[in-house]
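Student: Mind looking at a prediction? Sequence and model below.
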Amino acid sequence: MLSLKNVSKIYQNGSEVTHALNDVSFDIEPNKVTVILGPSGSGKSTTLNILGGMDRPTSGTVSYNGNLINTESDGQLTNYRRDIVGFVFQFYNLISNLTVSENVAISAQLKGNKYQEMTEKYLDKVGLSKRKNNFPDQLSGGEMQRVSIARALAKSPKVLLCDEPTGALDTETSQRVFKILKSSKNQDTAVVIVTHNPLVAPIADRVIHIKDGHLDKIINNPSPLEVE
Ligand code: ADP
Ligand code: ADP
């Protein structure tokens, strides 16, 4: 459904040229958790930014259900980010002066009857119904991340992109967050996780190893040892 073909990304700052990605090709499939692994600086964030329409490749193509994303106008890319992609970040990016419910509602622009029904549905999914009227600074890190997942899911995204979603969480909380992410995949939705956390192993259907901007290997149905 979401395909990168021969994607390269070159950053140029003055005379300094960085080849962040070189000829990377792979597909992201629905109903799967795809984990992107690689050392710091290997190109994981660049890959995620390109998948999410935040950045364009220097060469190569990105397509979603056969439509080229990388050739779209800025406005079309904005629509793609809004309608197709959900984002989960390491530091949650919640809005501090909005309640938990309001944070969940905002990205899907839920209003009226839908507001109540959908915010409750997704807060229930992440086990935080009781926190709906709290503000982010009244929550633990794990709770904030669960709110941010509920916010992403309220958009019914086709692709859920997660950048180090457990980077600031302890072991037990990380496991809970990974379980919720696993339960978020379905026939319509692909989950993509960039992480260094080996606790992701039990939920990984597919692992993409990136090394120095190259696709190193892709492993389907990896054993836990292959997720490191
Ligand atoms: P992470 O590895 O946690 O994803 P980042 O993606 O923020 O970290 O950064 C990865 C690397 O990219 C770092 O070495 C950082 O210095 C470099 N980097 C990020 N943004 C820029 C930029 N605008 N200009 C130059 N280097 C950058
Ligand atoms: P990772 O997420 O695996 O840490 P990145 O995708 O952030 O890797 O970075 C890949 C390479 O591209 C690194 O060498 C990094 O320094 C460089 N880089 C990332 N973003 C920028 C940027 N905006 N400007 C210049 N160089 C960048």
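Tutor: That came through, no problem. Ligands and ions are numbered 1, 2, ... in the order given.
Student: Enumerate the residues of this protein near ligand 1.
Tutor: Within the chain, the residues that sit near ligand 1 (C-beta under 6 Å from any ligand atom) are 40-41, 45. The way it works is simple: take the backbone N, C-alpha and C, and place the C-beta from them, glycine included.
Student: least trustworthy helix or strand in this protein by mean pLDDT?
Tutor: When the helices and strands of the chain are compared on mean pLDDT, DSSP states H and E, helix 112-125 comes out lowest with a mean of 87.
Student: Does that one pack against any helices or strands, and if so which?
Tutor: Secondary-structure packing of helix 112-125 (3 or more C-beta pairs under 8 Å, 6 or more residues apart in numbering; DSSP states H and E): helix 100-108, helix 141-153.
Student: rank the ones you listed by mean pLDDT and give me the bottom one.
Tutor: Ranked on mean pLDDT, the bottom entry among the helices and strands packed on helix 112-125 is helix 100-108, at a mean of 90.
Student: neighbouring contacts of that helix?
Tutor: 86, 94-95, 98, 110-111, 115, 118-119, 122-123, 128, 131-136, 139, 147-148, 150-152, 154-156 (C-beta atoms under 8 Å, 6 or more residues apart in numbering).
Student: Then stretch 174-181?
Tutor: Taking C-beta under 8 Å, 6+ apart as the rule, stretch 174-181 contacts 33, 88, 125-126, 142, 145-146, 149, 160, 162, 165-166, 169, 191, 193, 197, 199-200, 202-203.
Student: Please, which helix or strand holds Q175?
Tutor: Using DSSP states H and E, the element containing Q175 is helix 171-182.
Student: what sits against L48?
Tutor: By C-beta under 8 Å, 6+ apart, the residues touching L48 are 36, 161, 163, 192, 194.
Student: please redo it, this time with the cut-off set to 6 Å
Tutor: By C-beta atoms under 6 Å, 6 or more residues apart in numbering, the contact set of L48 is 161, 163, 194.
Student: Any buried residues in the helix or strand hosting it, and which?
Tutor: If you go by DSSP H and E, L48 is part of helix 44-51. Of the residues in helix 44-51, 44-51 count as buried by neighbour count, 16 or more other C-beta atoms under 10 Å.
Student: Please list which of the residues you listed also come close to ligand 2.
Tutor: Near ligand 2, by the rule C-beta under 6 Å from any ligand atom, you find 44-46 out of the buried residues of helix 44-51.
Student: Could you provide the residues you listed in CSV, with additional columns for pLDDT?
Tutor: Converted to CSV, those look like this (pLDDT from 0 to 100):
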residue, pLDDT
K44, 95
S45, 94
T46, 96
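Student: how about TSV for those, with distance to D55 added?
Tutor: Converted to TSV, those look like this (distance: C-beta to C-beta, whole Å):
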residue	distance to D55
K44	13
S45	9
T46	7
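Student: so which of those residues would you say is closest to P224?
Tutor: Distance to P224 across these (C-beta to C-beta) is lowest for K44, with 20.1 Å.
Student: Show me what residue of the chain gets nearest to ligand 1.
Tutor: Across the chain, the shortest distance to ligand 1 (C-beta to the nearest ligand atom) belongs to S45, at 3.6 Å.
Student: mind checking how far that residue is from V88?
Tutor: Distance, S45 to V88, using C-beta to C-beta, to the nearest Å: 14 Å.
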